[in-house]
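> Sharing a model prediction with you, sequence too.
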Amino acid sequence: MANNFLQFSLLVPLRSPAEASWVTSTLTSLVKLLDGTEGARAGRGLSALGRRYSSEGWDCLDFEWSIKSNELWLYAEESGSPEQVAAVLEAYLAKFNPTGVITFSWAFTCSKLRPNEFGGGAAVITAGGTTFLDAQTWAKELAEKHAGA
């Protein structure tokens with residue numbers, strides 16, 4: 001049996017104690033909202049982000065995080081959700097850096113060398129939304145373009 005992984009690791013510079021405080025509060029509240037430990041109270045300060053997590057059907061925070069030396073470290077060692085990371089970073093940018101852009105990439109890996117079970121993707125995140133790119137889809141689209149040329 002093979003194990004499949006979606007792994008990523010990114011650092012987001014935090015420019016002030018207020019940013020670090022917001023990130024800590026927001027991510028802690030998301031965990032409490034998703035695991036139901038504080039019911040509706042956990043979601044009060046989350047507004048649109050909390051509603052988005054609920055509407056998407058996400059039932060757990062599918063990435064790890066920590067703050068060290070004025071940087072937010074977001075990562076997944078085995079299986080993570082780039083969509084969840086993007087949602088948090090969109091809210092962060094909207095609050096602290098509306099014209100900012102954050103990018104990150106991830107890898108799809110497999111514990112056995114199975115064909116077509118490797119790849120990856122990337123995201124370009126702004127306060128207004130996220131554009132995702134899947135490496136296999138991109139390669140197929142490019143191949144079709146060249147085949148038709």
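Looks like it arrived, so ask away. Numbers count the residues shown, from 1 in each chain.

> Give me the mean pLDDT for the helix or strand that residue 49 is a member of.
Here residue 49 sits within helix 47-55, counting by DSSP states H and E. Helix 47-55 shows a mean pLDDT of 82.

> Identify the residues contacting the next helix or strand after it?
As assigned by DSSP H and E, the chain's next helix or strand after helix 47-55 is strand 64-68. Applying CB atoms under 8 Å, 6 or more residues apart in numbering, the contact partners of strand 64-68 are 14, 20, 23, 24, 27, 72, 73, 74, 75, 76, 77, 80. No exception for glycine: its C-beta is placed from N, CA and C like everyone else's.

> Kindly export stretch 14-22 (C-alpha atoms) in CSV.
The C-alpha trace of stretch 14-22 is given here as CSV (Å, rounded to 0.1, in the frame of the first residue of the first chain):
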residue,chain,number,x,y,z
LEU,A,14,4.9,39.7,10.1
ARG,A,15,5.6,43.4,10.2
SER,A,16,4.2,44.2,13.7
PRO,A,17,3.0,42.7,17.0
ALA,A,18,-0.6,43.5,15.9
GLU,A,19,-0.2,41.2,12.9
ALA,A,20,1.3,38.4,15.1
SER,A,21,-1.6,38.9,17.6
TRP,A,22,-4.2,38.7,14.8
